[in-house]
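Visitor: Okay, predicted coordinates and the sequence, questions at the end:
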Amino acid sequence: MRAALRQHLTTALKARDRVALAALRSALGAIDNAEAVPIDSAPIDSAPVAGLGGEHVAGAASGVGATETERRELTDTQLREIVENEVRERTAAADEYERLGRADHAERLRAEAEVLTRHLVR
């Protein structure tokens, strides 16, 4: 699913489709956030705190690639749930905008939801 979203993003960039760009960037960002390793599970370096017996800051890393960490691997089901959540959020927000008389914003959010829904049907 991620590959299809990225491919559609490239197509939307070329076509200058702002609605699709907003929806796809948001969904891909949500996926990236879900893949991030929680902070509390990251290893802590035991180097002393600067000014207290050493030159390193506790938890600091040095060297090429030292700040890189493995990202979580999401299943297809998890990816689908993330995109479904993005659709739900847009639909709920569109309903609220509609209720407040902001049909223009509601229409845009519904169009974004439709872009993402196309990826759920596949």
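Guide: Done, it's in. Residues are numbered from 1 along each chain as shown.

Visitor: quick one, what contacts residue 106?
Guide: Residues near residue 106 by Cβ atoms under 8 Å, 6 or more residues apart in numbering: 94-95, 97-98. The way it works is simple: take the backbone N, C-alpha and C, and place the C-beta from them, glycine included.

Visitor: 6 Å - rerun?
Guide: Taking Cβ atoms under 6 Å, 6 or more residues apart in numbering, we find residue 106 in contact with 94, 97-98.

Visitor: Could you pull out the helices in the protein for me?
Guide: With DSSP state H, the ranges of helices along the chain come out as 2-15, 18-35, 76-99, 103-121.

Visitor: between those helices, which one is nearest to residue 70?
Guide: Evaluated over the helices of the chain, closeness to residue 70 peaks at helix 18-35, with 9.7 Å, by Cβ to Cβ.

Visitor: low-confidence ranges in the protein?
Guide: Along the chain, the parts satisfying pLDDT under 70 run over 40-68, 122.

Visitor: how about 50 then?
Guide: For the chain, residues meeting the criterion pLDDT under 50 lie at 46-47.

Visitor: residues in contact with the nearest residue to residue 120 once chain neighbours are set aside?
Guide: Spatial nearest neighbour of residue 120, chain neighbours left out: residue 83 (6.0 Å); criterion: Cβ to Cβ, 6 or more residues apart in numbering. The neighbours of residue 83, taking Cβ under 6 Å, 6+ apart as the test, are 27, 116, 119.

Visitor: one step back: list buried residues within the contacts of residue 106.
Guide: When these are checked for burial by 16 or more other Cβ atoms under 10 Å, the buried set is 94, 97.

Visitor: Which one of the contacts of residue 106 is nearest to residue 35?
Guide: Using Cβ to Cβ, the contacts of residue 106 come closest to residue 35 at residue 94, 27.4 Å.

Visitor: wouldn't that closest one be in contact with residue 107 here?
Guide: No - Residue 94 is beyond contact range of residue 107, at 7.7 Å (criterion: Cβ atoms under 6 Å).
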